[in-house]
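[1] coords please:
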Amino acid sequence: MADLLQVQVWYASALSQVRRDVSVEAGTTIEQAIVQSGILTDIPGIDLAQQPVGLYGKKRPLDTVLRARDRIEIYRPLVADPKVAKRRRAAKDASGTTT
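    Numbering: from 1, shown residues only. Sure thing, here's the model as predicted:
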């Protein structure tokens, strides 16, 4: 019997978070674990060809081999450019608004 690894698959929408605990065989890739989790069936809007994935907040390719207790994250497309959002916050803070 092959060694089984416990991993998690996470996806967060604007309204909710989905976590799947999955037991996979050693040598399983990120993509294989996502498919095995069933999350692609339950959330049909996920497109692995377009959306990046990662482990613990760091982007990784779909063919990355997993280790025990890895946390796979499926990232949503950005709504706003982070640099532009930061400039807007800085401009708002500099405008003299105080609390």
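[2] So which residues of the chain form helices?
    Counting by DSSP state H, residue ranges of the helices within the chain are 30-37, 39-42, 82-94.
[3] buried ones in the last one?
    Residues of helix 82-94 classed as buried by neighbour count (16 or more other CB atoms under 10 Å): none. Where C-beta positions appear, they are placed from N, C-alpha and C, glycine not excepted.
[4] now that helix: how far from the chain's centre is it?
    On the basis of CA atoms, centre = their mean, to the nearest Å, the separation between the geometric centre of helix 82-94 and that of its chain is 25 Å.
[5] helices or strands next to that helix in the packing?
    Under the contact criterion of 3 or more CB pairs under 8 Å, 6 or more residues apart in numbering; DSSP states H and E, helix 82-94 touches no helix or strand at all.
[6] what comes into contact with it?
    The list of residues contacting helix 82-94 from outside it, by CB atoms under 8 Å, 6 or more residues apart in numbering, is empty.
[7] One more: the first one?
    Taking contacts as CB under 8 Å, 6+ apart, the residues outside helix 30-37 that touch it are 7, 9, 20, 22, 24, 28, 40, 48, 53, 55, 60-64, 66, 72, 74.
[8] Spatially, what comes nearest to A14 if we skip its sequence neighbours?
    In space, not counting the residues next to it along the chain, A14 is nearest to R76; the distance is 8.0 Å by CB to CB, 6 or more residues apart in numbering.
[9] how much space between that neighbour and V65?
    25 Å (CB to CB, to the nearest Å).
[10] again with I74
    On the measure of CB to CB, I74 and V65 end up 18 Å apart.
[11] Neighbour count: these two, which is higher?
    Between I74 and V65, counted using other CB atoms under 10 Å, the more crowded position is I74 (22 against 11).
[12] mind listing what the more buried one touches?
    With contacts taken as CB under 8 Å, 6+ apart, I74 has the following neighbours: V9, W10, Y11, I34, I39, I46, L48, Q51, V53.
[13] same thing but at 6 Å, please
    Counting by CB atoms under 6 Å, 6 or more residues apart in numbering, I74 touches Y11, I46, Q51, V53.
[14] okay if I get the residues you listed as TSV plus pLDDT, distance to P82 and neighbour count?
    Conversion of the contacts of I74 to TSV gives the following (pLDDT from 0 to 100; distance: CB to CB, whole Å; neighbours: other CB atoms under 10 Å):
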residue	pLDDT	distance to P82	neighbour count
Y11	96	20	24
I46	92	22	18
Q51	93	17	13
V53	97	19	22
